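Asker: Starting from these lines, generate the structure:
(one chain, ligands or ions: 2)
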Amino acid sequence: MKALLLVDIQNDFLPGGALEVPAGDKIIPVINELQNYFELVVITQDWHPPDHKSFASSHVGKKPFDVIELNGLQQTLWPDHCVQGTSGASFPVAFNTNKAEAIFRKGTDPEIDSYSGFYDNGHRKSTCLADYLRGKKVKEVYITGLCGDICVFYTAMDSLKEGFETYIIEDGTCPLKKEDFITTMQVFKDKGGMIIQSGSLPAAL
Ligand code: VGL
Ligand code: ZN
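Answerer: Ligands and ions are numbered 1, 2, ... in the order given. Okay, here's the model as predicted:
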């Protein structure tokens, strides 16, 4: 069984959002089309409480993109984004979410960030996404979404660690920083990950 995992496609990561990914909205038609090729579609949603410690606003004298130590981990501070229940945390209207069987929320613990859809950044708590996929007999995981160099990358690395054959569909992702996408994708490939284009999928599946 193959699963399509749609990572953090939320208003705050689109142009005009609190943590906007340049041209992030370009992936939406690609992702809507891609879902036709998969029996199982799963979504992750960044879902922070308003006082999340990954927000610069939670630390006196800090500004977005400063780096601090948080509970033993290095933490980049972000603008407030994907706050539970806000329009920024919602899925864009153009994004078809009807086919998704499950939504895994992450980043809900105010003390720790969670870039991966599988675990928090300290690998301390699991979202049970891996168990869910194994329960559905999934062997191959295809990953798309935002941001390509952060949550897509960390989700893909955990997917490999969990033993899934893991693909990133490049034109179904978009990075916050292009140069970080190049370096992170090399790390992903070195660990056995595969990068493909959406156009090659219908034939490959
Ligand atoms: C993300 C930074 C902070 C992401 C989430 O979805 O890539 N990046 N929270
Ligand atoms: Zn976040």
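Asker: In contact with Asp109, which residues?
Answerer: 120, 125 (CB atoms under 8 Å, 6 or more residues apart in numbering). Heads up, the C-betas are built off the backbone N, CA and C, glycines and all.
Asker: How is it assigned, secondary-structure-wise?
Answerer: With DSSP: H, G, I helix; E, B strand; the rest coil as the basis, Asp109 sits in coil.
Asker: do the same with Leu201
Answerer: Going by three-state DSSP: Leu201 is helix.
Asker: for it, what are its contacts?
Answerer: Contacts of Leu201 (CB under 8 Å, 6+ apart): 34, 37, 142, 169.
Asker: which residues in this structure form helices?
Answerer: 27-34, 129-135, 151-161, 178-190, 201-204 (DSSP state H).
Asker: Other residues contacting the second one?
Answerer: When you say that, I think you mean helix 129-135. By CB under 8 Å, 6+ apart, helix 129-135 touches 3, 42, 44, 102, 104, 117-118, 141, 158, 162, 164.
Asker: I'd like the helices of the chain written out as TSV, with mean pLDDT and distance to Gly88 added.
Answerer: Below are the helices of the chain laid out as TSV (pLDDT from 0 to 100; distance: least, CB to CB, whole Å):
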stretch	mean pLDDT	distance to Gly88
helix 27-34	97	16
helix 129-135	98	23
helix 151-161	98	15
helix 178-190	98	22
helix 201-204	75	30
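Asker: Can you tell me which of those is packed in deepest?
Answerer: helix 151-161 (a mean of 24; mean count of other CB atoms under 10 Å).
Asker: what separates that one from the chain centre, distance-wise?
Answerer: 9 Å (CA atoms, centre = their mean, to the nearest Å).
Asker: Indicate whether it makes contact with ligand 1.
Answerer: Yes - using CB under 6 Å from any ligand atom, helix 151-161 reaches ligand 1 at Cys151.
Asker: What helices and strands are in contact with that helix?
Answerer: strand 2-7, strand 40-46, strand 140-146, strand 165-174, helix 178-190 (3 or more CB pairs under 8 Å, 6 or more residues apart in numbering; DSSP states H and E).
Asker: Which of those sits closest to ligand 2?
Answerer: Minimum separation from ligand 2 across the helices and strands packed on helix 151-161 (CB to the ion) falls at strand 40-46, 4.2 Å.
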